[in-house]
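output the structure for:
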Amino acid sequence: MSVPTGADIEALCSKCGDVWHVVVAKVGEEIVRVICKECGAQHRYRNPKLKNQPRARATTSSSSSSTPRAPREAKVVQRFDTPAVAADLSKAVRTYKASEKFQVGERVEHPTFGTGVVETAESGKMTVFFAVGRKVLVQAKGDGGGGGLARPKPFEHQSAAAPADAKVGESTDE
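Coordinates of the predicted model:
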């Protein structure tokens, strides 16, 4: 059964989810472009009855003047299976706290990322290798081994009602 251009057809709209469309373009007997009657979006035709089957790519005949394309180079994905530094197994695993300072090679237990190894440590931040990847975490800035971050002292309010040289209970009226 051939569907003419301009006819209503059932197809799934990726923008609004409606299924009623109008055929805009065909290649041979194959419908290739439709317009959604609900939102007006124009997109490729996706047959709702074939949604679980892989879509066959249309092959176009190349003209004699065009040259075949070179295959695309695959993007290189660099994976890190091991940390850049060896873990110091003589020390126990420490629980991660932003208020503590860590050294390169120490093992850190993070509540979200699990156990990792400190690869670089700077003042205020460190790079840790976890099974899920490398993460940059904050750490204490001081030279000491802990307590680098502290709560600021509360501000002490002074009463501005009485002048500093006035004595309590005296009256200035004469």
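
please name the bridge partners of the most centrally placed residue in the chain.
Central residue of the chain (Cα atoms, centre = their mean): residue 135, 12.8 Å from the mean position. Applying DSSP bridges to residue 135 gives these bridge partners: residue 128.

swap in residue 43?
Residue 43 has the following beta-bridge partners by DSSP bridges: residue 34.

what is the burial count for it?
Per other Cβ atoms under 10 Å, the neighbour tally for residue 43 reads 16. Quick note: C-beta positions are derived from backbone N, CA and C, even for glycine.

could you do residue 35 as well?
Around residue 35 there are 16 residues (other Cβ under 10 Å).

please apply the same query to the one 3 residues further on.
Residue 38 has 13 neighbouring residues, counting by other Cβ under 10 Å.

so the residue nearest to the centre of the chain makes contact with residue 127?
Yes. Between residue 135 and residue 127 there is a contact at 7.4 Å, judged by Cβ atoms under 8 Å.

still on that earlier bit, got the contact list for the residue nearest to the centre of the chain?
Contacts for residue 135 (Cβ atoms under 8 Å, 6 or more residues apart in numbering) come out as 110, 113, 116, 127, 128.

neighbours of residue 82, how many?
9.

likewise the one 3 residues further on?
Neighbour count for residue 85, taken as other Cβ under 10 Å: 14.

just say helix, strand or coil for it.
Using DSSP: H, G, I helix; E, B strand; the rest coil, the structure places residue 85 in coil.

give me the domain ranges for this protein.
Domain ranges of the chain: 8-50, 81-148, per automatic domain parsing.

could those domains go into TSV alongside mean pLDDT and distance to residue 70?
Conversion of the domains of the chain to TSV gives the following (pLDDT from 0 to 100; distance: least, Cβ to Cβ, whole Å):
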stretch	mean pLDDT	distance to residue 70
domain 8-50	79	26
domain 81-148	86	32
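
what's the closest of those to residue 71?
domain 8-50 (24.1 Å; Cβ to Cβ).

show me the contacts for the closest residue to residue 37 other than its chain neighbours.
The shortest distance from residue 37 to any non-neighbouring residue, by Cβ to Cβ, 6 or more residues apart in numbering, is to residue 20 (4.8 Å). By Cβ under 8 Å, 6+ apart, residue 20 lies in contact with 8, 10, 36, 37, 38.

out of these, which comes closest to residue 44?
Among these, and counting by Cβ to Cβ, the member closest to residue 44 is residue 36, at 12.0 Å.

and the closest one, backbone torsions?
phi -70, psi 130 (degrees, to the nearest 10).

quick check: closest non-adjacent residue to it.
Using Cβ to Cβ, 6+ apart, the closest residue to residue 36 is residue 13 (4.2 Å).

try residue 138
residue 98 (4.7 Å).
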